[in-house]
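K.L.:
Attaching a predicted model along with its sequence, questions to come.
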Amino acid sequence: AESSSAEESDIFKEIVKQLALTYGMRQAFIACINKNDRTVADTLAAWADDDFMENFSYEVEGTPCQNVTHQSEMCFYPDNLQELFPKDHLLVEMEAVSYVGLPLISSHGEVLGLIAIVNDKPMELHPHQVRLLSSLAARASVEIERREADAKLKLSARVFSEAHEGIFITYPDGTIMDIN
């Protein structure tokens, strides 16, 4: 597992890059369900045609991603993807023919988003690929939760340090741990 801050900030990019290159896929991405609008997914990292893409947001309704996030399980479409999802115009832009996606599940069982690979030709899916995708989905889920916990911790620390009222933090025995 990565541990330095530079590596942590790029972990999602590294995952999509290695996933696409390892399996010869045209695209790979990791996306989170938008907290304010659960019909939208926001990419955290996207790889296409041997390079990173700018992150983007998209409507999940009528897409293979909707099936992944609503069914909370892997969805695999080995061929004819555009015909299966005719309302998904992004698939046309991507020249997508095949797709596999897995949900990113929190430690509380909530769907956080998904990880997916897309190709411009039919795809075969082997057991070792499923294991790798599952492992990377778990790693991405943990990283999303870690970042969310870190953001909450930073907010709490800021509130504590910037409060105009005196705040005492004590241990259960009453000993003072900290004062703002």
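P.N.:
On my side now, so go ahead.

K.L.:
Show me which positions of the helix or strand hosting L155 end up buried.
P.N.:
Using DSSP states H and E, L155 maps to helix 127-162. Residues Q129, L133, L136, A137, R139, A140, S141, E143, I144, E145 are the ones in helix 127-162 that count as buried (16 or more other CB atoms under 10 Å). Where C-beta positions appear, they are placed from N, C-alpha and C, glycine not excepted.

K.L.:
OK, contacts around the third one?
P.N.:
Put plainly, it is L136. I15, L19, I115 (CB atoms under 8 Å, 6 or more residues apart in numbering).

K.L.:
neighbours around the closest residue in space to V40 that isn't next to it in sequence, how many?
P.N.:
Nearest residue to V40, sequence neighbours excluded (CB to CB, 6 or more residues apart in numbering): N34, at 4.2 Å. When neighbours are defined as other CB atoms under 10 Å, N34 has 14 of them.

K.L.:
So which of the contacts of L136 wins on neighbours?
P.N.:
Going by other CB under 10 Å, I115 tops the contacts of L136 with 29 neighbours.

K.L.:
Kindly check the end-to-end length of stretch 30-50 for me.
P.N.:
16 Å (CA to CA, to the nearest Å).

K.L.:
Give me the contacts around it.
P.N.:
Under the contact criterion CB under 8 Å, 6+ apart, stretch 30-50 has outside partners 12-13, 15-17, 19-20, 26-29, 52-61, 65, 69, 94, 104, 111-116, 140, 144.

K.L.:
ok, now stretch 68-88?
P.N.:
Contacting residues not belonging to stretch 68-88 are listed as 33, 41, 60-64, 67, 91-92, 96-103, 105, 111, 113-114, 116, 118, 122-125, 130, 133-134 [CB under 8 Å, 6+ apart].

K.L.:
Right, I'll call it a day here.
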